[in-house]
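Participant: what's the 3D shape of this:
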Amino acid sequence: MLNSNTINIALPVLQKEFATDLSVVQWTLTGFMLALGTFAPTAGYFGQRFSYKRLYIFALLGMTVASVLCALSWNASMLIAFRIVQGAFCGIIVPASMTMIFQIIPRHQQSVAMSIWIAASIVAPAIGPTYAGWLIQHGSWKWLFWTNVPLGVLAIVVAVFFIPYYRLKVPKGFDVWGLLTVIAASSLLLITLSQGSGWGWGSASTLLCLGGGLLALALFLWREMSIDTPLLQLKVFLNRRFTSTVILLCIVMINFFSGMLLVPVFLQNVQGHSPLDSGMILLPATCAMAIMSLVVGRLYKVVGPMPLLLVGVLLMAAGNLPLAWLKIDSSSAYTLLWMTVRSLGLALVLMPATTAGMEEISREYIGHASAECIRIVRCGSIHHATIFTYG
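Facilitator: Numbers count the residues shown, from 1 in each chain. Predicted coordinates for the structure are as follows:
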């Protein structure tokens with residue numbers, strides 16, 4: 001989570017460092033999120049094949065090595081390439097960790113466990129902008145990646161000694177064609193959304209990428225529904241509650257990530273704030289979100305998901321509208337207030353929606369469900385952010 005959020009503050013800096021356009025350096029975020037969403041489905045198969053503990057440790061190691069390569073990059077192309085590699089490993093880390101919670105933690109403790117998991121994932125966005133701003137202002141953007149190395153090593157050591165080995169069954173084979181078609185579909189659809197405004201929405205290039213992406217997506221769905229050992233078990237979508245919560249999470253995260261991408265750029269490029277000042281303006285909102293996430297776990301056990309989801313969505317809507325009216329002379333307090341309101345709303349939605357959907361999935365398919373949940377949410381969020389940036 002730290003890797004997917006600190007780069008937001010660095011985008012204007014990278015733009016100047018590499019003397020390129022925002023549309024180019026934004027691929028350090030877009031490519032990362034694309035790889036994350038594309039490789040998330042593989043967690044279901046490899047977690048069953050090697051155990052989620054071993055998969056988690058392998059992904060942590062890959063993310064750490066990729067961070068070193070990102071720090072050593074000397075041009076935008078290299079940085080984007082290594083960020084894609086980093087995103088691929090992070091795409092395995094997130095669903096693997098979620099799956100271990102639902103496989104190992106007793107059901108009556110899962111809502112509290114998920115609130116801690118979500119709060120931990122929000123701590124990074126909470127400290128990320130300020131942390132990144134301080135590093136950039138007093139050092140270099142490269143330290144955004146160098147600091148991942150000791151954290152990655154520490155995480156590997158903790159995982160080796162404290163995560164239990166757990167495996168339900170070994171799948172019979174790996175769906176190579178499923179992986180190839182999902183990569184093609186995600187890549188072509190993202191390219192369509194990111195380049196469509198430049199090419200022209202009715203141009204041959206845009207229509208060709210869109211058609212190819214939709215065709216690859218159709219082939220992926222047909223493949224997964226027609227074989228005995230699919231890369232991603234689509235049977236989880238037969239559960240209405242799971243499907244509804246995934247759709248809700250996708251909409252909410254589209255909203256959240258587009259704001260987290262654009263507000264730092266607005267604060268620095270339009271209002272002229274430094275990276276550190278931008279981080280300080282965003283810090284209270286994400287801190288409030290992290291604290292609220294811890295409270296929500298207890299509330300879920302008392303009132304259930306629906307009241308929390310309703311209040312959360314209303315708060316997000318109440319925070320979004322004033323942010324649509326941001327101007328060059330808008331005060332920092334104005335931005336801080338409404339970012340905090342929408343963040344509190346997000347905290348009230350994330351854990352209830354995730355837990356309510358995953359609770360009804362059997363242990364056998366929990367890895368596939370978490371992988372698909374992460375893939376749809378992440379791909380949807382970065383697609384929307386890309387449209388906003390180029391629009």
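
Participant: okay, and the helix or strand of the protein with the least pLDDT?
Facilitator: helix 366-390 (a mean of 51; mean pLDDT, DSSP states H and E).

Participant: which residues touch the host helix or strand of residue 311?
Facilitator: Assigned by DSSP states H and E, residue 311 falls within helix 305-323. Under the criterion C-beta atoms under 8 Å, 6 or more residues apart in numbering, residues 248, 252, 255, 259, 263, 296, 299-300, 334-335, 337-349, 352-353, 355-356 lie in contact with helix 305-323. Quick note: C-beta positions are derived from backbone N, CA and C, even for glycine.

Participant: Using PyMOL, make a named selection holding only the buried ones among those residues.
Facilitator: Of those, the buried ones go into a single PyMOL selection, burial set by 16 or more other C-beta atoms under 10 Å:
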select buried, resi 248+252+255+259+263+296+299+300+335+338+339+340+341+342+343+344+345+346+347+348+349+352+353+355+356
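
Participant: Show me the contacts of helix 305-323 that map onto helices.
Facilitator: 248, 252, 255, 259, 263, 296, 299-300, 334-335, 337-349, 352-353, 355-356 (DSSP state H).

Participant: re the thing from before, quick check: mean pLDDT across the helix holding residue 311?
Facilitator: Average pLDDT, helix 305-323: 89.

Participant: cool, and stretch 11-28?
Facilitator: Per-residue pLDDT values over stretch 11-28 give a mean of 80.

Participant: Just the endpoints, please. Distance across it?
Facilitator: Start and end residues of stretch 11-28 are separated by 8 Å (C-alpha to C-alpha, to the nearest Å).

Participant: what residue ranges in this structure score low on pLDDT?
Facilitator: The model of the chain has pLDDT under 70 over residues 122, 125-126, 129, 167-173, 194, 261, 275, 359-391.

Participant: May I have the phi/psi pair for residue 201?
Facilitator: Backbone torsions of residue 201, given as degrees, to the nearest 10, read phi -70, psi -20.

Participant: give the contact list for it.
Facilitator: Contacts for residue 201 (C-beta under 8 Å, 6+ apart) come out as none.

Participant: Next one: it from residue 195, what distance?
Facilitator: Remark: distance between residue 201 and residue 195 (C-beta to C-beta, to the nearest Å) = 10 Å.

Participant: swap in residue 224?
Facilitator: Distance from residue 224 to residue 195, counting by C-beta to C-beta: 28 Å.

Participant: Name the residue in the two with the higher neighbour count.
Facilitator: Of the pair residue 224 and residue 195, residue 224 is the one with more neighbours under other C-beta atoms under 10 Å, namely 21 against 17.

Participant: Could you find the closest non-adjacent residue to the more buried one?
Facilitator: For residue 224, ignoring the flanking residues on the chain, the nearest one in space by C-beta to C-beta, 6 or more residues apart in numbering is residue 230 at 4.1 Å.
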